[in-house]
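Peer 1: Starting from these lines, generate the structure:
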Amino acid sequence: MKLIIELRDKDIGINLPPVGEFNERLATRAVVFSASGDKVALLHSHKLGYHILPGGGLEKDESPVDGLRRELLEEVGANVSSIKEIGYTLQWQGQIPREHKNYCYTAVVDGELSDAEFADDEIAEGYELLWVSLIEAVHLLETDATDDYKGKSNVRRDLAILNEAVK
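Peer 2: Purely as a prediction, here's the structure:
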C-alpha cells in the first residue's frame, strides 16, 4: 500500500517537544461516492469548524475493509461496493500522543441510504453528513479554518486523500 501523506505536529503549525512513545491507532477512511457518482460524503463538525472523510478506528482483529464497511454503515448509512485501495496515511500526534495509521479507499454507495448513527463524541462535536461534489469537497477542506488540534491534522490528512482519489 502506498503512503499518501505523513503528518507531524510541525506540519500543522504546532511546535511541541519530542514525544518518547506513541500509542498506535489503526483506522480506515474512504472517499464515498453516491450511487450516481456525482457526490461524495463528508462529515462536518459544525461546532469545531471542519470537514473530514467518513471512517474510523478498527476494532480488534478487524480487517481494514471490514472496518470500513462497518464505519460507513454507521457514519454514512450506506452499504458500499467497488472498494478500491488508494493508500495509507500516518499522523504523529504529539498532544495525544498517538501514531495514527489510516487505510484509505474509494467506495460507491450500494443500495438505499439509511440514517447515519454517530458516536457520542461525534454528536458532541456536532457532526452532520453532507453530500457534495468532489470539487466542493476539496474546496471545503482547503478553506477550513479550525483551531482544533485533531481537526487541523485530520483536515490536512483528508485533503491529501481526496487529492489522491482525484488522480
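Peer 1: could you show me where the helices are in the chain, in order?
Peer 2: Listed in chain order, the helices found in the chain under DSSP state H are 64-75, 120-124, 134-143, 149-166.
Peer 1: Any buried residues in the longest one, and which?
Peer 2: With burial defined by 16 or more other C-beta atoms under 10 Å, the residues of helix 149-166 counted as buried are 149-162, 164-165. (Glycine included, C-beta is placed from N, CA and C.)
Peer 1: Out of the helices and strands in this protein, which is least certain?
Peer 2: Of all helical and strand segments in the chain, the minimum by mean pLDDT, DSSP states H and E falls on helix 120-124, at a mean of 93.
Peer 1: What separation do you get for L159 and E112?
Peer 2: To E112, L159 is 30 Å away according to C-beta to C-beta, to the nearest Å.
Peer 1: Then K39?
Peer 2: Relative to E112, K39 is positioned 15 Å away (C-beta to C-beta).
Peer 1: Same question for F22.
Peer 2: 41 Å.
Peer 1: neighbour-wise, which of those two wins?
Peer 2: Between F22 and E112, counted using other C-beta atoms under 10 Å, F22 has the larger neighbour count: 15 against 9.
Peer 1: looking at it, that one is touching R98, isn't it?
Peer 2: Yes. Contact criterion C-beta atoms under 8 Å: F22 and R98 qualify, at 5.8 Å.
Peer 1: so what sits against both of the two?
Peer 2: Shared contacts of F22 and R98, defined by C-beta atoms under 8 Å, 6 or more residues apart in numbering, are found at W92.
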